[in-house]
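Asker: Attaching a predicted model along with its sequence, questions to come.
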Amino acid sequence: MNLDTITIVCIALMGILLFVLGANVSRNRALRGAGNQLPSDPSDKLLIAIRAHGNAAEYIPTMIVLLLVCSVLSDSWAVDVLAIAAVFVRYVHAFGMLTSRSLATHGPLRDVGAMGTYLVGIALGVTALVTI
């Protein structure tokens, strides 16, 4: 296996982000108390927390698997660049969502994080394909 320190740290940072976002949902649920635990208002802080965690849970595991595959198949510096980019776009996206006043609108951080997630994910997939 060719896992290097950069890739391992990046995988760990994405895993930490996923669990911190999950803890944030629990914190928001506790603050809500017996109130509505399934909000639908796009400006509701609990819904924003739920979606920030849900979005991370949709993309981070796949990115981690692709990073592991790419690391096993290649020792190229490009895998490290993609690992760093993956961490950056996922943290930017989470921050953009959590600081948004409403899920009904998009902001630059959320958009950069989303577009970056797609680009890095596709680049990881292509890297896996071309290195087999």
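Answerer: Arrived safely.

Asker: quick one, what contacts the closest residue in space to Leu13 that isn't next to it in sequence?
Answerer: Excluding its sequence neighbours, the residue lying closest to Leu13 (Cβ to Cβ, 6 or more residues apart in numbering) is Val87, at 5.0 Å. Every residue, glycine included, has its C-beta placed from N, CA and C. The neighbours of Val87, taking Cβ atoms under 8 Å, 6 or more residues apart in numbering as the test, are 10, 13-14.

Asker: Counting neighbours, which of the residues you listed comes out on top?
Answerer: Greatest neighbour count in the contacts of Val87, by other Cβ atoms under 10 Å, goes to Cys10: 23 neighbours.

Asker: For Leu103, which residues are in contact?
Answerer: By Cβ under 8 Å, 6+ apart, the residues touching Leu103 are 42-43, 47-48, 51, 97.

Asker: just the helices in the protein please.
Answerer: Assigned by DSSP state H, the helices in the chain fall at 5-32, 45-73, 77-98, 108-130.

Asker: For Leu38, find the nearest of those helices.
Answerer: helix 45-73 (8.6 Å; Cβ to Cβ).

Asker: and the closest one with helix 77-98, angle?
Answerer: Going by axes from the mean of the first three to the mean of the last three Cα atoms, to 10 degrees, helix 45-73 is angled at 180 degrees with respect to helix 77-98.

Asker: Output the contacting helices and strands for helix 45-73.
Answerer: Here helix 45-73 touches helix 5-32, helix 77-98, helix 108-130, going by 3 or more Cβ pairs under 8 Å, 6 or more residues apart in numbering; DSSP states H and E.

Asker: pLDDT on the first one, on average?
Answerer: What it means is helix 5-32. For helix 5-32, mean pLDDT is 97.

Asker: which strands and helices sit next to that helix?
Answerer: Helix 5-32 makes packing contacts with helix 45-73, helix 77-98 when contacts are defined by 3+ Cβ pairs under 8 Å, 6+ apart.

Asker: Between helix 45-73 and that helix, find me the angle.
Answerer: If you take the same axes, to 10 degrees, helix 5-32 sits at 160 degrees to helix 45-73.

Asker: Now do the buried residues in helix 5-32.
Answerer: Neighbour counts over helix 5-32 (16 or more other Cβ atoms under 10 Å) mark 6-7, 10-11, 13-14, 17-18, 21-22, 24-25, 28 as buried.
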